[in-house]
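Enquirer: Would you be able to build a 3D model of this:
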Amino acid sequence: MAEVKLSDRLTVSIEEAAALTGIGTVTLRDWARNDISFPACRVGSANSKMIISVKLLREYLDRKTATRQGCPQFAHRIAVIAANEKPPTVGAARGKRV
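Expert: This next block holds a predicted model:
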């Protein structure tokens with residue numbers, strides 16, 4: 001059987017996804033455990049191996065970077081975009097959000 005390049009595979013392991021993306025295995029495992037939109041599932045006896053869809057991983061990272069998730073200085077703006085609301089205005093007299 002011919003060897004398939006890592007980037008051409010349909011699914012990869014956590015370690016292989018780390019090699020493809022440059023993101024650490026601890027972060028990838030955290031996303032797999034805690035983010036329902038992360039494209040991973042468990043397979044094998046006793047669900048012992050976690051696999052990640054390469055296509056969906058690319059889409060996941062595109063969404064994450066497009067909305068600058070993980071950048072604290074943009075957390076409020078992301079919430080506004082996600083809620084599809086107008087950003088709050090700042091009151092001129094007191095400097096507080098209204």
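Enquirer: all helices for this structure, in order.
Expert: Using DSSP state H, the helices of the chain run over residues 14-21, 25-34, 54-66, 75-83.
Enquirer: Would you mind pulling the contact partners of the second one?
Expert: Pointing back at helix 25-34 there. 14-15, 17-18, 21, 38, 40, 50, 52 (Cβ atoms under 8 Å, 6 or more residues apart in numbering). C-beta: built from backbone N, CA, C; applies to glycine.
Enquirer: Just the CA atoms of that helix, as PDB, please.
Expert: The C-alpha coordinates for helix 25-34 follow below in PDB (Å, rounded to 0.1, in the frame of the first residue of the first chain):
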ATOM      1  CA  THR A  25      -1.200  18.400  22.100                       C
ATOM      2  CA  VAL A  26      -2.400  19.700  25.500                       C
ATOM      3  CA  THR A  27      -4.400  22.500  23.700                       C
ATOM      4  CA  LEU A  28      -5.800  20.100  21.100                       C
ATOM      5  CA  ARG A  29      -6.900  17.600  23.900                       C
ATOM      6  CA  ASP A  30      -8.500  20.500  25.800                       C
ATOM      7  CA  TRP A  31     -10.500  21.600  22.800                       C
ATOM      8  CA  ALA A  32     -11.500  18.000  22.100                       C
ATOM      9  CA  ARG A  33     -12.700  17.500  25.700                       C
ATOM     10  CA  ASN A  34     -14.400  20.900  26.200                       C
END
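Enquirer: Check the average confidence over it, would you?
Expert: For helix 25-34, mean pLDDT is 94.
Enquirer: buried set for stretch 56-72?
Expert: Buried residues in stretch 56-72, counting neighbours by 16 or more other Cβ atoms under 10 Å, are found at 57, 60.
Enquirer: What's opposite Ile52 in the beta bridge?
Expert: Val12, Ala40 (DSSP bridges).
Enquirer: how close does it sit to Leu6?
Expert: Separation of Ile52 from Leu6 (Cβ to Cβ, to the nearest Å): 12 Å.
Enquirer: These two - which one has more neighbours?
Expert: Between Ile52 and Leu6, counted using other Cβ atoms under 10 Å, the more crowded position is Ile52 (22 against 12).
Enquirer: That's all I had, so thanks and see you.
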